[in-house]
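Engineer: Quick one, what's the 3D model for this:
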Amino acid sequence: MTVVAIKTKTEQTLQSRFVASAKGSESREFEALRRRALQGFAATGLPSRRVEAYKYTDLRAKLTEALPPAVKPDSGLPAAALLKALGPELAALEAVTVIVHDGAFAGIAGGVAPERGVSIAGLVASGLTPSDAQLDDPAVALNLTYCSDGVVIKVAAQTKAKLPVHIVYVSGGEQPVSTTTRSRLEIATGASITVLESHVRLGKAALQSNHVTEVSVADGATLAHLKVSGEGSASAHLTSWLIDLGGKADYQAFQFTAEPGLVRNQGFVTYRGERTTATFNAVFLARDEGHVDTTLVIDHAVPKCISRETIRGVLDGKARGVFQGKVIVRPDAQKSDGKQMAKALMLSPTAEFDSKPELEIYADDVVCGHGSTVAELDDAQMFYLRARGIPEQQSRAMLVEAFVADVLETVGHDGIRQALQNVSSAWLRQDAAARS
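Structural biologist: Reported below is the predicted structural model:
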C-alpha cells in the first residue's frame, strides 16, 4: 500500500522556489542534476522520525518554515565583522583563509596566499559539476538542488602543505536567511594538507544552512579535515561529508560543535583502496534546547582497512545529543577493523542522549566493535576537588574539561587544537556563569 504524505508548508515552499542558482554559468549536466535532486526530494519530502536514519532528528517537525535565500553581498566582509563572528581564537589562526559570505565565494582574506601545489577557486567559477552521490538522502538532495557556490581545493600530487586552509562560511545578519553551499576537496596521490571549516553567523537573526563537502583522498594521501560549528541557538545547520578514500590513505576527521540550535553532522565514508585508515572524532557542547546529531556511515568496501569513531558530548538543560554510527563490512572486505565509542556527560536530569551504534558485517575475518556510555559528574571527584577549596562551579568545569580533553588532544595541528581548547573553556565559563 502506498501512503501519500501531505506536504508541509516548508516542503511546498522548497519545491516551488526552485531556480537554478547559477543559471547561465553552469553546465547542462549540473542543471540536470539539480532537477533530478529536486524530483527526489519532492518524492520523499523532509525526513520525519519514521525514517530510520532521522529517527532522532525529525526535520519535518523541526523545520517549520523555509527561510528566504541569502542575497549575494554587494561588498566585501569587513575584517572587524569576521573577527567578531569567528572569535579571537579562530581568527588568530595562521592559515590560508578562504571566505564564503552568504553562500557566495568571496576569495582569500588576510594576505596569506596558498602554497605551491594548492589551488583554491569558487565552485561556480571552477565549472565543476558536483557528484550525484548520496542523492537518496534528503539533506544532500536539497543541497544539490539549491547550492549557490562553494570552494574547490585541489592539492597536487606529492605536495606537503605546511599551512592549513581555513574555509570560513559566514552568513546572516539582522534578517532571517538560508544558505546552501557545496565544496570539494581533491587530495592527489601522496599529498597532505589540513583543512578547517568554520561555520559562523553574523547578527542574531535566524539562520538555516545546508552544506556539503565532497572529499576525494587519493592513494597514499593524508587529509586532516576539521569542522567548527558556531552559528548559535537560532540556527538550523545541516552538514554532509561525502568521502572517498584511495589505498594507503589517511583521513583524519574532527568536528566540534558548541552552543547549537539544531545541528546534524553526517558523514558517508567509502573505502576504494586497501590499507587505508579513517578516524572520525567529535566533541559537542550543548545546553538549553540545543540538538546535535552526529550520524556516520562507514563502508568497508575493500579489505584491510581501519575505521575509528570517538564521540564526546556534554549536555545541559534540555539539550539533546544523538550518535548514529553504522559500520558496513562488505563480503570481500576481509581483515577490516572498525571500532566506535560514544560517551555523553549529562549535567542536567532533563538532558537526553540517544546512541545507536550498528555493525553490518558480511565477512568473517574482521575485528569490529562498538560501545556507548552515559554518565553524570562523579560525586567522589567533585568531593575531592571541593575538599581542596575549589569552588563548585570551577570544580564542575574542570571535570567537564577533562572529559573532552582526550578527544581534543587528537587534533594534530597545534594551533587548531589550542583554539578549540580555548573555545571549549569559554563555553564552560559561560555555563558556569549561567548556573551561578
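
Engineer: ok, which stretches of the stretch 251-400 of the chain are helices?
Structural biologist: Ranges of helices within the stretch 251-400 of the chain are 379-386, 392-408, based on DSSP state H, counting those that start in this stretch.

Engineer: And the shortest one, what's buried?
Structural biologist: Applying a neighbour-count criterion of 16 or more other C-beta atoms under 10 Å, one finds 382, 385 buried in helix 379-386. For every residue, glycine as well, the C-beta is placed using N, CA and C.

Engineer: coming back round to it: which stretch in the helices of the stretch 251-400 of the chain is the model least sure about?
Structural biologist: Looking at the helices of the stretch 251-400 of the chain, the lowest mean pLDDT belongs to helix 379-386 (a mean of 82).

Engineer: I'd like to know which elements it is packed against.
Structural biologist: Judged by 3 or more C-beta pairs under 8 Å, 6 or more residues apart in numbering; DSSP states H and E, the packing partners of helix 379-386 are helix 392-408.

Engineer: can you redo the helices of the stretch 251-400 of the chain as JSON lines with distance to residue 15?
Structural biologist: Output for the helices of the stretch 251-400 of the chain, formatted as JSON lines (distance: least, C-beta to C-beta, whole Å):
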{"stretch": "helix 379-386", "distance to residue 15": "53"}
{"stretch": "helix 392-408", "distance to residue 15": "40"}
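
Engineer: Tell me which of the ones you listed sits nearest to residue 124.
Structural biologist: Closest approach to residue 124 among the helices of the stretch 251-400 of the chain (C-beta to C-beta): helix 392-408, 35.6 Å.

Engineer: Now do that closest one against helix 379-386, angle only.
Structural biologist: 120 degrees (axes from the mean of the first three to the mean of the last three C-alpha atoms, to 10 degrees).

Engineer: how about helix 392-408 as PDB, C-alpha atoms only?
Structural biologist: Only the C-alpha atoms of helix 392-408 are listed here, as PDB (Å, rounded to 0.1, in the frame of the first residue of the first chain):
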ATOM      1  CA  GLU A 392      31.700  24.100  43.000                       C
ATOM      2  CA  GLN A 393      31.300  25.700  39.500                       C
ATOM      3  CA  GLN A 394      35.100  25.700  38.900                       C
ATOM      4  CA  SER A 395      35.200  22.000  40.000                       C
ATOM      5  CA  ARG A 396      32.400  21.200  37.500                       C
ATOM      6  CA  ALA A 397      34.200  23.000  34.700                       C
ATOM      7  CA  MET A 398      37.500  21.100  35.500                       C
ATOM      8  CA  LEU A 399      35.700  17.700  35.300                       C
ATOM      9  CA  VAL A 400      33.900  18.600  32.100                       C
ATOM     10  CA  GLU A 401      37.100  19.800  30.500                       C
ATOM     11  CA  ALA A 402      38.900  16.600  31.500                       C
ATOM     12  CA  PHE A 403      36.000  14.600  29.900                       C
ATOM     13  CA  VAL A 404      36.500  16.100  26.400                       C
ATOM     14  CA  ALA A 405      40.300  16.700  26.700                       C
ATOM     15  CA  ASP A 406      41.400  13.300  25.400                       C
ATOM     16  CA  VAL A 407      39.400  13.800  22.200                       C
ATOM     17  CA  LEU A 408      40.500  17.300  21.700                       C
END
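
Engineer: ok, and what's touching that helix?
Structural biologist: Here helix 392-408 makes contact (C-beta atoms under 8 Å, 6 or more residues apart in numbering) with 281-283, 285, 310-312, 314, 343, 345, 347, 377-378, 381-382, 385-386, 390, 417, 420-421, 424-425, 428-429, 431-432, 435-436.

Engineer: Downstream of it, the next helix or strand is which one?
Structural biologist: Once the chain leaves helix 392-408, the next helix or strand it forms, by DSSP states H and E, is helix 414-435.

Engineer: Tell me the buried residues in that next one?
Structural biologist: Applying 16+ other C-beta under 10 Å to helix 414-435 flags 415, 416, 417, 419, 420, 421, 423, 424, 427, 428, 431, 432 as buried.

Engineer: In terms of pLDDT, where does the first one sit?
Structural biologist: On pLDDT, residue 415 comes in at 91.

Engineer: swap in the fifth one?
Structural biologist: Predicted confidence (pLDDT) for residue 420: 91.

Engineer: Distance of it relative to residue 330?
Structural biologist: 35 Å (C-beta to C-beta, to the nearest Å).

Engineer: cool, and the fourth one?
Structural biologist: When distance is defined by C-beta to C-beta, residue 419 is 38 Å away from residue 330.
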